[in-house]
Each structure stands twice: as C-alpha cells, then as structure tokens.
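Asks: Next come a sequence and a model predicted from it.
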Amino acid sequence: MSYDPEEDRRELEAVMARLPRRTPAEVFAEIEAGRRAAANAPWPEPSIIPMPEFPAFGVIRYPCPLGCDWYHQEAPGLDAFGPFVVAAPGGPHAVSAALTASANERAEVYRQRVERALVDHYEAAHPGR
Ligand SMILES: [Zn+2]
C-alpha cells in the first residue's frame, strides 16, 4: 500500500461538493452583518491597566505608565484553577457555560488585582497625578 495524492484530491473534492454553495451576495451579506455587529458592539470598559511586557515565559509585567522603574508582575499560569459548578443535569452547554463563567470571574479578580497595585503605586510614588 502506498500513498496516493490523487486519492486525497478526490476525497477533498467529494467533501467540497457536499458543502452548501453560497452566492457572492450571501457571503457579502454575512460580512456586512458581522461588520454592523462589530460597529454596534459596546465599547469595552475603560481600564487604567497599561500595555504589558513579557520579560520571561509565563510572566506578565505591567510597568508604571509614568515611566519610573516600578512595575507590577503577574504569573497567571501559577494561579489556582478553582472548582467550578455545573448546574444539574449538566451537559456540554452547561459545562461550557460554567467554564466561561469561571474564566470571566478569574479575569475580573485579575483585573482588580492589577488595578489595585497600580492605584497603590500612584498613591505611594506619584501622589496627585
Ligand atoms: Zn511610577
């Protein structure tokens, strides 16, 4: 038995033939709908968190926006991944929703911790700024 690229090509063409055909107008309508949804999406909540630096693998560093040598450092990979609750009777959608809720909760805790460190630094090193 040897590898036959022609067989792969025939198989791919058979798969492509089964896919639904869309007209250019349908594709354009889908792109337009996506563009409108993006334009109408709410702005993300403003944050004081500066652009991070990545000095080493798994390390995220938030430098002082005023340029002094201070920084706040995080290692998110070391955060404990706590238990998450799946509502009975469960199922893939419930597990997905629970994972999303858990991730959002951890992201919010992370954001608040970084913002708190920045605010504390401003009050200590740059009062009145
Ligand atoms: Zn500073």
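Replies: Sure thing, it's come through.

Asks: Return the residues of the protein in contact with the ion.
Replies: Contact residues (Cβ under 5 Å from the ion) of the chain with the ion: 64, 66, 68, 70, 125. Using the backbone N, CA and C atoms, a C-beta is placed for each residue, glycine as well.

Asks: residue boundaries of the helices in the protein?
Replies: 5-18, 24-40, 92-125 (DSSP state H).

Asks: Deepest-packed of these, please.
Replies: helix 92-125 (a mean of 13; mean count of other Cβ atoms under 10 Å).

Asks: average pLDDT for it?
Replies: Averaged over helix 92-125, pLDDT sits at 91.

Asks: tell me what that helix is packed against?
Replies: If you count contacts as 3 or more Cβ pairs under 8 Å, 6 or more residues apart in numbering; DSSP states H and E, helix 92-125 packs onto strand 59-63, strand 71-74.

Asks: contacting residues for the residue in the chain that the ion sits nearest to?
Replies: Of all residues in the chain, the one sitting closest to the ion is Cys64 (3.0 Å; Cβ to the ion). Shown in contact with Cys64 (Cβ atoms under 8 Å, 6 or more residues apart in numbering): 50, 70-71, 118, 121, 125-126.

Asks: Report pLDDT for it.
Replies: 95.

Asks: residues contacting Glu115?
Replies: Contacts of Glu115 by Cβ under 8 Å, 6+ apart are 47-49.

Asks: could I get the residues you listed as a markdown table with neighbour count?
Replies: Formatted as a markdown table, these follow (neighbours: other Cβ atoms under 10 Å):
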| residue | neighbour count |
| --- | --- |
| Ser47 | 10 |
| Ile48 | 11 |
| Ile49 | 15 |
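
Asks: among those residues, which are in strands?
Replies: With strands taken from DSSP state E, there is no overlap with these.

Asks: Would you convert the residues you listed into a markdown table that also reports pLDDT?
Replies: Formatted as a markdown table, the contacts of Glu115 follow (pLDDT from 0 to 100):
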| residue | pLDDT |
| --- | --- |
| Ser47 | 83 |
| Ile48 | 87 |
| Ile49 | 91 |
